[in-house]
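Trainee: got a predicted structure here, sequence first:
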Amino acid sequence: MNYALVFRTTHQTMMAEEVLSLNSYYFDTLPLPKEIKTGCTIALSIQKDDCPLIIALLKNENIVVEGVYEVGDAGWKKIDYAHKVDRRVYLDNNASTPVAHEVVHVLLPYLEEHYGNPSSIHLIGREARIAIDEARDEVATLMGAESEEIIFTGNGTEANNFAIKGIAELHAVNKGHIITTVIEHPSVLESCRYLEKYGYEVTYLPVDAFGLVSADQVKNAIKKNTILITVQWANNEIGTLQPVTEIGTLALEQGIVFHTDAIQVIGKIPYDVHSLPIDMLTFSAHKFYGPKGCGGLYIRRNIQVLPIIHGGKQERGMRAGTENSIGIVGAGAAAMLLKESQVEDSTEIKRLRDLLYEGIASSIEGIKVNGDPEKLLPNTLNISFKGVDGESLLINLDLEGINVSTGSACASGSTEPSYVLKACGVSDEYINGGIRFSLGRENTEDDILYTIEKTKEIVNRLRKKQ
């Protein structure tokens, strides 16, 4: 039996040959029966077993799939085709963690009963205000801060914008100089590029092959008018940990504000922020088993920063807008959960991460590990597979129920190679084959063994197609 995949493009000017060459896949086209739409509708002759991958690739390119047909002497017959996955292994925790069951239990009353506006003075409003204050205490306790040093925002991106632009606003008259690195999260890089348009000077420090920047590089970049140093504590793609203590100490000695994006660190590596030379620190609840829509910024007590969102007096006048009480309560509950378990969780997650690496390294040739082998998040493993397209590998793994990433979720949709891997000098033969495995507290040894087996099968299959 022959099969046809029928689809239409969302861009009327897209030619059939452009569609057929997507991701270097080539197929024969078939003449369409009269009863099927014409115009930009196209039919590919396919093998039924290839159908899930082709559909996934086309949908990823904004192409609408109309259906799958059996093509025989009697004509075309549309068939139901749904790819079923027997199991699901989630290994994309750096993009977002699942909300912990314990956190969901705490959240439910705030979805059903305690729905008041925290700024209202009646009983239901006061209940929400008390819950937010308690959550602030819980988040502060997790990182060793004081409650009044925690400002809640809508997400980590907003918090990074707040930190960088809030310091810049203090120097609006004379502008100033900012130091960062080339592998920061897009919310940091784009904030810095925005400020450059208004006269601020920014130095983007390069990194070495492991994604590290040295304290000496930062020291040599400092100028008389440097107003801010912002360096990500742990990179979200490769997991490399930067020397924030050394960099923060330099900043302290020079009287320069030091901000670190610690979104990937909280819950994975215990720390006491008051024992570190850090002036501002960004966090996001959905990276440590809380809900999405709640981030925040730690601001050391003596650090002045101007708000960038104006309106009401919420968050001590630092961030206007009705607080997301549900998200904040969830962040507090997640923080309390991690306070009790993060050391034990991280130890087990690191064991599983190492097991994953050993299994892949011993069974698949032509791999390259990206990131520092020692200064690394305990849950993160970024591997490039020589001669394999990362997007195709990701989709094939997804079809087997394994969820991974090719890089930052905030940069998804880009057809360019990872800017982080480019900055680390990864060669052309490896750069497009990068996959990030990021483990979490719900992963098991069986998950890892299954992932090793399927990764080996898929990589070998993709290489044979070349």
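Mentor: Great, that's in hand.
Trainee: and the helix or strand hosting Tyr3, how far from the chain's centre?
Mentor: Applying DSSP states H and E as the criterion places Tyr3 in strand 2-9. Strand 2-9 sits 33 Å away from the centroid of its parent chain (CA atoms, centre = their mean, to the nearest Å).
Trainee: okay, now the domains of this structure?
Mentor: Residue ranges of the domains in the chain are recorded as 2-79, 89-96+341-464, 101-338, according to automatic domain parsing.
Trainee: tell me the spacing between the residue nearest to Gly293 when sequence neighbours are not counted and Leu30.
Mentor: Using CB to CB, 6 or more residues apart in numbering and skipping residues adjacent in sequence, the residue nearest Gly293 is Gly327, 4.5 Å away. To be clear about C-beta, it is placed using only N, CA and C from the backbone, and glycine gets the same treatment. Distance of Gly327 to Leu30, given as CB to CB, to the nearest Å: 50 Å.
Trainee: Leu421 now?
Mentor: Look at Leu421 and Leu30: by CB to CB, they are 39 Å apart.
Trainee: who has more neighbours out of these two?
Mentor: Counted by other CB atoms under 10 Å, Leu421 and Leu30 do not tie: Leu421 has more neighbours, with 27 against 19.
Trainee: what about the helix or strand where the more buried one lies, distance to the chain center?
Mentor: Assigned by DSSP H and E, Leu421 falls within helix 419-423. Counting by CA atoms, centre = their mean, helix 419-423 is centred 15 Å from the centre of its parent chain.
Trainee: give me the helices and strands touching that helix, please.
Mentor: Packing partners of helix 419-423 (3 or more CB pairs under 8 Å, 6 or more residues apart in numbering; DSSP states H and E): helix 428-431.
Trainee: show residues contacting whichever helix or strand comes after the helix it packs on.
Mentor: Toward the C-terminus, helix 428-431 is succeeded by strand 434-438 as the next helix or strand (DSSP H and E). Here strand 434-438 makes contact (CB atoms under 8 Å, 6 or more residues apart in numbering) with 91-95, 237-239, 353, 356, 370, 379-385, 390, 393-394, 397, 404-407, 417-418, 421, 426, 451.
Trainee: repeat that for 6 Å
Mentor: Residues outside strand 434-438 that contact it (CB atoms under 6 Å, 6 or more residues apart in numbering): 91-94, 237, 379-384, 390, 393, 404-405, 418, 421.
Trainee: quick one: buried ones out of those?
Mentor: For those, a burial check counting by 16 or more other CB atoms under 10 Å picks out 91-94, 237, 379-384, 390, 393, 404-405, 418, 421.
Trainee: out of the residues you listed, which are inside strands?
Mentor: If you go by DSSP state E, the buried ones among the contacts of strand 434-438 have Thr380, Leu381, Asn382, Ile383, Ser384 in strands.
Trainee: for Asp446, state which of those is nearest.
Mentor: Using CB to CB, Leu381 comes nearest to Asp446 of those, at 17.5 Å.
Trainee: read off the pLDDT value for the closest one.
Mentor: Model confidence at Leu381, given as pLDDT, is 98.
Trainee: same deal with Ala4?
Mentor: 83.
Trainee: check Gly72 too.
Mentor: For Gly72, pLDDT reads 83.
Trainee: for it, which non-adjacent residue is closest in space?
Mentor: Closest residue in space to Gly72, ignoring its immediate chain neighbours: Met1 at 6.5 Å, by CB to CB, 6+ apart.
Trainee: same question, Gly290
Mentor: Ala334 (3.6 Å).
Trainee: by contact count, what packs against the strand or helix carrying Arg461?
Mentor: Using DSSP H and E, Arg461 falls within helix 445-464. If you count contacts as 3 or more CB pairs under 6 Å, 6 or more residues apart in numbering; DSSP states H and E, helix 445-464 packs onto helix 325-363.
Trainee: by contact count, what packs against the helix it packs on?
Mentor: The contact analysis (3+ CB pairs under 6 Å, 6+ apart) places helix 325-363 against helix 101-112, helix 123-143, strand 380-385, helix 445-464.
Trainee: now the third one: how far from the chain's centre is it?
Mentor: For strand 380-385, the gap between its own C-alpha mean and the chain's C-alpha mean amounts to 15 Å (CA atoms, centre = their mean).
Trainee: coming back round to it: the residue nearest to Gly293 against Lys292, yeah?
Mentor: No: using CB atoms under 6 Å, Gly327 is not in contact with Lys292, being 7.4 Å away.
Trainee: these two - which one has more neighbours?
Mentor: Neighbours per residue (other CB under 10 Å) separate Gly327 from Lys292, with Gly327 holding more: 23 against 17.
Trainee: residues in contact with the helix holding Arg461?
Mentor: Contacts to helix 445-464, defined as CB under 6 Å, 6+ apart, come from residues 89, 352, 355-356, 359-360, 363-364, 385, 387-388, 392, 396, 400, 402.
Trainee: any buried residues in it, and which?
Mentor: Asp447, Ile448, Tyr450, Thr451, Ile452, Lys454, Thr455, Ile458, Val459, Leu462.
Trainee: pLDDT check: weakest of those?
Mentor: Lowest pLDDT among the buried residues of helix 445-464: Leu462, 89.
Trainee: what's stretch 376-388 in contact with?
Mentor: Residues outside stretch 376-388 that contact it (CB under 6 Å, 6+ apart) are 234, 238-239, 268, 346, 349-350, 353, 356-357, 366-371, 429-430, 433-439, 459, 462-463.
Trainee: flag the shaky bits of this structure, pLDDT-wise.
Mentor: 9-26, 37-40, 59-62, 82-83, 407-415, 465-466 (pLDDT under 70).
Trainee: quick one, helices of it?
Mentor: For the chain, the helices defined by DSSP state H cover 16-20, 51-60, 101-112, 123-143, 156-170, 186-196, 215-221, 244-254, 325-363, 390-399, 419-423, 428-431, 445-464.
Trainee: just the CA atoms of the third one, as CSV, please.
Mentor: In CSV, the C-alpha atoms belonging to helix 101-112 read as follows (Å, rounded to 0.1, in the frame of the first residue of the first chain):
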residue,chain,number,x,y,z
HIS,A,101,2.4,17.6,43.8
GLU,A,102,3.0,19.1,47.2
VAL,A,103,2.8,22.6,45.7
VAL,A,104,-0.4,21.9,43.8
HIS,A,105,-2.0,20.9,47.1
VAL,A,106,-1.0,24.2,48.7
LEU,A,107,-2.3,26.2,45.7
LEU,A,108,-5.8,24.8,45.5
PRO,A,109,-7.4,26.9,48.2
TYR,A,110,-6.0,30.1,46.4
LEU,A,111,-7.7,29.0,43.2
GLU,A,112,-11.1,28.3,44.9
